[in-house]
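Undergrad: Coordinates for the following, if possible.
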Amino acid sequence: MMDFDLNIHKTLKRGDGHFVLDVRLQTQAQRIVIFGESGSGKSLSLQAIAGLMTPDQGHIRIGGRTFFDSDQSSFVKPQERNFAYVAQDYALFPHLNVQQNIAFGLNKTWRNPSKKNQHAEVEQWLQRFELHDLAQQYPHQLSGGQKQRTALARALITQPKALLLDEPFAALDTNLKQRMREELAQLQSTLAIPLVLISHDEQDVVQFGDEVLHLHQGRNHTP
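TA: Numbers count the residues shown, from 1 in each chain. Take a look at the predicted model:
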């Protein structure tokens with residue numbers, strides 16, 4: 001069981017004004033949905049958890065470890081947090097095939113994985129996500145669901161402590177959305193990995209919202 005203790009405060013310039021993100025959450029839920037309309041601060045909150053955005057004030061404590069604390073001037077770099085962050089567009093490398101994209105998660109450098117080298121771990125995730133027959137395909141040759149599976153495999157091969165997903169189903173059609181929701185729910189349950197997912201879709205709340213952080217204009221909102 002991993003506990004989440006978030007107190008995130010950030011002021012950003014927006015046009016002629018300012019946007020204030022002021023988020024608080026304490027929970028032991030292992031499926032968390034950050035929910036709200038576009039521009040409510042969902043992505044900023046997830047980026048703060050991932051270490052891609054540094055709050056002005058507050059703290060981020062997950063699993064008993066402090067990743068940010070303004071009072072102690074402490075900040076843990078993204079690569080040292082061991083969280084898997086999957087962007088909305090999946091951020092696959094267009095010049096790498098499926099096998100190489102997944103293998104990139106094992107890279108200690110920015111050097112491209114070889115097309116010939118086969119890692120047992122890569123093979124495992126190709127099989128788990130039914131991607132083995134697509135191993136030599138490139139991202140532009142994949143469907144939306146296949147891209148998502150590839151991105152998840154690349155993230156999970158690192159054996160992360162938590163999985164952070166930015167609108168993971170937004171680019172999928174209605175039928176595929178529900179199928180991928182069910183697959184992700186089963187995967188999360190099997191791996192027992194904490195999941196933080198941001199969405200504006202109430203169906204995601206139904207499927208994954210053991211704990212829901214509802215944001216409105218940057219703040220916790222009680223509907």
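
Undergrad: Show me where this protein has its strands.
TA: Counting by DSSP state E, the chain has strands at residues 4-14, 17-27, 31-35, 57-62, 65-69, 74-75, 83-86, 162-166, 195-199, 211-216, 219-220.

Undergrad: which other helices and strands contact the last one?
TA: The elements that strand 219-220 packs onto, with contact taken as 3 or more CB pairs under 8 Å, 6 or more residues apart in numbering; DSSP states H and E, are strand 17-27. Where you see a C-beta, it was placed from the backbone N, CA and C, and this is true even at glycine.

Undergrad: gap between the strand it packs on and the chain center?
TA: Distance of strand 17-27 from the chain centroid (CA atoms, centre = their mean, to the nearest Å) equals 19 Å.

Undergrad: which helices and strands sit right next to that strand?
TA: Secondary-structure packing of strand 17-27 (3+ CB pairs under 8 Å, 6+ apart): strand 4-14, helix 42-50, strand 211-216, strand 219-220.

Undergrad: Can you point out the buried residues in the first one?
TA: This points to strand 4-14. 4-10 (16 or more other CB atoms under 10 Å).

Undergrad: Mind listing the strands that strand pairs with, and their directions?
TA: In the sheet, strand 4-14 lines up against strand 17-27 (antiparallel), strand 57-62 (antiparallel) (DSSP bridges).

Undergrad: Specify the angle between the first one and helix 42-50 in degrees.
TA: Orientation check (axes from the mean of the first three to the mean of the last three CA atoms, to 10 degrees): strand 17-27 against helix 42-50 gives 60 degrees.

Undergrad: Strand 17-27 vs strand 211-216, what angle?
TA: 160 degrees.

Undergrad: Just the C-alpha atoms of strand 17-27, please, in CSV.
TA: Taking Å, rounded to 0.1, in the frame of the first residue of the first chain, the C-alpha atoms of strand 17-27 are listed here in CSV:
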residue,chain,number,x,y,z
GLY,A,17,-3.2,37.4,-15.6
HIS,A,18,-2.1,34.5,-13.4
PHE,A,19,-3.2,30.9,-12.8
VAL,A,20,-2.9,29.6,-9.3
LEU,A,21,-2.6,25.9,-8.7
ASP,A,22,-3.5,25.0,-5.1
VAL,A,23,-3.9,21.2,-4.7
ARG,A,24,-4.2,19.1,-1.6
LEU,A,25,-4.6,15.3,-1.4
GLN,A,26,-4.0,12.7,1.3
THR,A,27,-5.0,9.1,0.4
